[in-house]
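**Q** pasting the structure only:
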């Protein structure tokens, strides 16, 4: 009965979303307050219905109601409760419902936080959000119904892929979707602005916090995915340039560009059209990602089960949403004042370069990801575009970006002069150069020297620009006046420091992993050992144990360095009898500057066990750096200049020059 | 009129066309590289008589269906009735490649389901399978009397496939003038072991390091975006073994890669080779960076005069008023 109620709620949500779109657009067109109010209420109702439907599906999973086909196919009574719950979105249908629920919640949040907006723009944006929801609800109901029943009711379920029975992966999709779907708000506002044919600085101020929020969530989502792949897949890698990873990375890159272009739009009223286009592109890349993951056009480790009908439906949705938005852009953007002129020596110029480079980086990842498909469609040739391609193209582009990231924040808006920034640049270059030199001498690597040098350049640059914002050395620099100035700084400035430092930290991790990581694999009998990078891993013992829904074989590996014991690792191999599947649970000894990692493979006492060991320098910095970036995003959201307030703003305040 | 606002929509249309075509393709099906090449050399035991060694010569002289199968292969059961029927009717000689199997399992399987094969090559370590560019079972090669591979069937030979695809190929071969064998357009690759005497690498550390390095640049053909180094798939393990063997035989890294590229196509290379069909891929980033840099330099010329001209008298008076207001505040 509950499943049928869930079903009905989805259908109601679909109908209401249509009304939300219709009334919002009509109401804005005719300036009909009641119609616009209706659209507001509809957005709230749609969100409530989606939450309830999701709750009912989760309920079915948690109570193991195998009369629901989806639960049968993806759950099992022996699974721990947390994975029964997270299993709700560990499959195509449930994850789509999660996506839709988050989208509807963002729609409701637009109503809730959007009181200060011009009513027309607001109603149109809410309408577009509703109509995007309509598309996905129709997709869910007509091609991927999560509430389908099965008869007769089976005694037990098929189980959830053991790889997905993991806390990291339980929370990875919700964060990822908060990011993906969060960009729908910017999309809706861009389309609404195009319909209106008019954009002002208020628009950018209103959109920016949503972009920041989505971007920060997406960052966390990607980090979780990376961490999970690192310890769960047992290959010891943190990024594989797999198509599915790439499609989550592309909205992130485009979203990063969008973050920075809204800065120009907000502060200087410039690059408005470009910003609109980026907002459309960013969410469209999320949609393309959904299409890729769920249609099977590219092979990937992470793809959902493939169904061509779903692919066709999703392609249709993409055509309607993105095609519609871009057609509107072609028709209406001419009306929108652009203001794309900038001085060579100015912060705008730096942000323009940021956008150019990030868009090229996005395009490169896009091309690398889709090239096999393009070439197959044109000539039938099958080729592989693997990590080497991305390392050779993406990495240099990002290096150039880091160079400009150091300079641009030092510049003033409108017009600045090299004269004024020459000294800090000399300091940054000296820091970067010396670090690079030291790395080259001690680490014996040119590539590593370049990378670490760039990171040092960026760190010093961030500290200098942050210090300048605090006016250290210019004004009174005792603790209390510094604190006063520190707390008076706008959120965006703090966010900038966090995020840019985060990237520097991340870069150090990435470069170290690329240059100094070591690994080895061997078949070890008890008492034998294998060593990498001066660490000796000795296999002491192997034991069997019974887990809640798996059988495991665990090795005991002692790590020693120079005769001193560093730690004991217990890598595990699990066998899930229900799912007839194995997982490798690598074991790690985590230090601030390195992770020692061991994974256990098959074996027996006579021949020994296959043991892989890894020395991974600075790998944790990659994720810490990325989390610092996300943190920076969240801090920026709170910037008081953002119009993210329920209270009616008094007259818009002038933007203080920084 | 400024046409640049149509560019995004135009680019999107192109993308949709490709995504649409992509929907009709199966990305896991690889093209066949071995058609119109000579059947490779091999030296492997007969499954049912391990004392007897089979070589390429045993298959030449008569048109043959060379069928790759294994007792573990579910889809093989689907084609088995067709093969049995062909054997009963004595339509064409059928030879088997028993791939990655245990001998006893294979014999039991043949016992249970029937044995349509005249000879069966026992290929437990993928030696012949890799030579043939096999990615899965069943796969069937049509080999003509001169030892040239004429067709490759991926997937089971159902009766429809037999009638619609294989039979016509056999008829076409039969219709050719006998004894006029076409000259081979590709040189026969020597046996793997034949080169072992060339310049052997013996340092185990060097072998291990180079095997690792090369394996990381080769894609596992039965996995999804994993290198054969990262993969534990049986075929990937066998390929790793092959890489090791080639390294020991004295091949340089590129030679090892092209050895597999010859059999499996560009698909096995993690880094796409720079050639006509990848020009766009490799050049685009550099062209984009150049274009972006040029655009930036052109657009950022100090251009104050024009900006001021663009302001109307009305705008200017409003600006002055606003400035006066701020000053007095």
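**A** Thanks, I have it. None of these values were measured; they are calculated from a predicted model. Numbers count the residues shown, from 1 in each chain, chains lettered A, B, ... in the order given.

**Q** from here on, contacts and neighbour counts on C-alpha atoms
**A** Will do.

**Q** buried stuff in the helix or strand bottoming out on mean pLDDT in chain A?
**A** Taking mean pLDDT, DSSP states H and E as the measure, the helices and strands of chain A show their lowest mean at strand A:581-585, namely a mean of 78. Buried positions in strand A:581-585, judged by neighbour count with 16 or more other C-alpha atoms under 10 Å in any protein chain shown: A:582, A:583, A:584, A:585.

**Q** In CSV, list the residues you listed along with distance to chain B.
**A** Conversion of the buried residues of strand A:581-585 to CSV gives the following (distance: C-alpha to the nearest C-alpha, whole Å):
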residue, distance to chain B
A:582, 12
A:583, 12
A:584, 12
A:585, 15
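
**Q** Just the closest of those to residue A:83, please.
**A** Residue A:83 has its nearest neighbour among these in residue A:583, at 15.6 Å by C-alpha to C-alpha.

**Q** Just read off the phi/psi values of the residue nearest to the closest one when sequence neighbours are not counted.
**A** Leaving aside its chain neighbours, residue A:583 sits nearest to residue A:574 (5.2 Å; criterion: C-alpha to C-alpha, 6 or more residues apart in numbering or on different chains). Note on residue A:574: its backbone torsions stand at phi -110, psi 140 [degrees, to the nearest 10].

**Q** next one: residue B:46
**A** On the backbone of residue B:46 - angles per degrees, to the nearest 10 - the values are phi -80, psi 130.

**Q** From residue A:356, how far out is it?
**A** With the distance defined as C-alpha to C-alpha, to the nearest Å, residue B:46 ends up 63 Å from residue A:356.

**Q** Give the buried residues for the longest helix along chain B.
**A** When chain B is parsed with DSSP state H, its longest helix is helix B:279-299. Across helix B:279-299, burial judged by 16+ other C-alpha under 10 Å covers B:281, B:282, B:284, B:285, B:288, B:289, B:292, B:296, B:299.

**Q** Could I get the contacting residues of the closest residue to the third one other than its chain neighbours?
**A** Right, residue B:284. Nearest in space to residue B:284, with sequence neighbours left out and distances taken as C-alpha to C-alpha, 6+ apart, is residue A:364 at 7.6 Å. Listed by C-alpha atoms under 8 Å, 6 or more residues apart in numbering or on different chains, the contact set of residue A:364 reads A:390, A:393, A:394, B:284, B:285.

**Q** count of residues packed around the third one?
**A** Translated: residue A:394. Using other C-alpha atoms under 10 Å in any protein chain shown, residue A:394 has 20 neighbouring residues.

**Q** Going by neighbour count, which residues in the helix or strand hosting it are buried?
**A** Applying DSSP states H and E as the criterion places residue A:394 in helix A:387-407. Residues of helix A:387-407 classed as buried by neighbour count (16+ other C-alpha under 10 Å): A:387, A:389-390, A:393-394, A:397-399, A:401-407.

**Q** For the spatially most central residue of chain A, which non-adjacent residue is closest in space?
**A** For chain A, the residue sitting closest to the mean C-alpha position, by C-alpha atoms, centre = their mean, is residue A:218 at 2.5 Å. If the residues on either side of it in the chain are set aside, residue A:218 comes closest to residue A:179, at 4.0 Å by C-alpha to C-alpha, 6+ apart.

**Q** What lies in contact with stretch A:447-465?
**A** By C-alpha under 8 Å, 6+ apart, stretch A:447-465 touches A:399, A:402-403, A:405-407, A:409-410, A:424-425, A:427-429, A:431-440, A:443, A:497, A:500-501, A:504-505, A:507-508, A:511-512, A:515.

**Q** Please spell out the PyMOL selection for the buried subset of these.
**A** Here is the PyMOL command that selects only those of the contacts of stretch A:447-465 that count as buried (16+ other C-alpha under 10 Å):
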select buried, chain A and resi 399+402+403+405+406+407+409+410+424+425+428+429+431+432+433+434+435+436+437+439+440+497+500+501+504+505+507+508+511+512+515
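
**Q** Go through the contacts of stretch A:447-465 and flag which are in helices.
**A** Using DSSP H to define helices, the subset of those located there is A:399, A:402-403, A:405-407, A:424-425, A:427-429, A:431-440, A:443, A:497, A:500-501, A:504-505, A:507-508, A:511-512, A:515.

**Q** rewinding a little: and the residue nearest to residue A:218, how many neighbours?
**A** Under the neighbour criterion other C-alpha under 10 Å, residue A:179 is assigned a count of 31.

**Q** Could you do residue B:152 as well?
**A** As a burial measure, the neighbour count of residue B:152 was computed by other C-alpha under 10 Å and equals 23.

**Q** got any ranges where the chain has weak pLDDT?
**A** If you meant another chain, say so; for now it's chain A. A:234-236, A:299-307, A:338-340, A:642-658 (pLDDT under 70).

**Q** wrong one, I was asking about chain B
**A** Low-confidence regions of chain B, defined here as pLDDT under 70, cover residues B:1-2, B:28, B:177-199, B:301-314, B:316, B:324-329.

**Q** Tell me where it has helices.
**A** Secondary structure of chain B, counting by DSSP H: helices at B:7-23, B:74-89, B:103-113, B:127-131, B:159-161, B:167-175, B:204-216, B:234-249, B:253-264, B:279-299, B:304-310, B:313-328.

**Q** mind listing what residue B:264 touches?
**A** In this structure, residue B:264 makes contact with B:32, B:33, B:133, judged by C-alpha under 8 Å, 6+ apart.

**Q** residues in contact with the closest residue to the last one other than its chain neighbours?
**A** Same thing as residue B:133. The shortest distance from residue B:133 to any residue other than its chain neighbours is 4.8 Å, reached at residue B:263 (C-alpha to C-alpha, 6+ apart). Applying C-alpha under 8 Å, 6+ apart to residue B:263 gives the contacts B:33, B:34, B:130, B:131, B:132, B:133.

**Q** which two in the residues you listed are spaced the farthest apart?
**A** Within these, B:33 and B:130 form the most distant pair, 11.8 Å apart (C-alpha to C-alpha).

**Q** ok, residue A:404 touching residue A:350?
**A** Yes: using C-alpha atoms under 8 Å, residue A:404 and residue A:350 qualify as a contacting pair, with a distance of 6.7 Å.

**Q** Residues contacting stretch A:147-162, please?
**A** The contact list for stretch A:147-162, computed with C-alpha under 8 Å, 6+ apart, reads A:3-4, A:6-7, A:57, A:66-77, A:79, A:87, A:90, A:576, A:578-579, A:581-583.

**Q** could you check whether the helix holding residue A:394 is close to chain B?
**A** Yes: if you take C-alpha under 8 Å from any C-alpha of the partner chain as the test, helix A:387-407 does meet chain B, through A:387, A:388, A:389, A:393.

**Q** Could you give me the ChimeraX syntax to select whichever of the contacts of stretch A:147-162 are buried?
**A** To isolate the buried members of those in ChimeraX, using 16+ other C-alpha under 10 Å:
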select /A:3,6,7,57,66,67,68,69,70,71,72,74,75,76,77,79,87,90,576,578,579,582,583
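
**Q** Filter the contacts of stretch A:147-162 down to just the ones in strands.
**A** Residues from those lying in strands, with DSSP state E as the criterion: A:576, A:581, A:582, A:583.

**Q** Distance-wise, check the nearest residue to the first one once chain neighbours are set aside relative to residue A:61.
**A** Same thing as residue A:576. With C-alpha to C-alpha, 6+ apart as the criterion, residue A:576 has its nearest non-adjacent residue at 4.4 Å, and that residue is residue A:550. Residue A:550 sits at a distance of 20 Å from residue A:61 (criterion: C-alpha to C-alpha).

**Q** if we can go back for a sec, and the least confident helix or strand of chain A, which strands flank it?
**A** Here strand A:581-585 is paired, per DSSP bridges, with strand A:572-576 (antiparallel).

**Q** How far away from the center of its chain is the strand it pairs with?
**A** Mean C-alpha position of strand A:572-576 versus that of the full chain (C-alpha atoms, centre = their mean, to the nearest Å) differs by 30 Å.

**Q** same deal with stretch A:96-104?
**A** Per C-alpha atoms, centre = their mean, the displacement of stretch A:96-104 from the mean C-alpha position of its chain is 16 Å.
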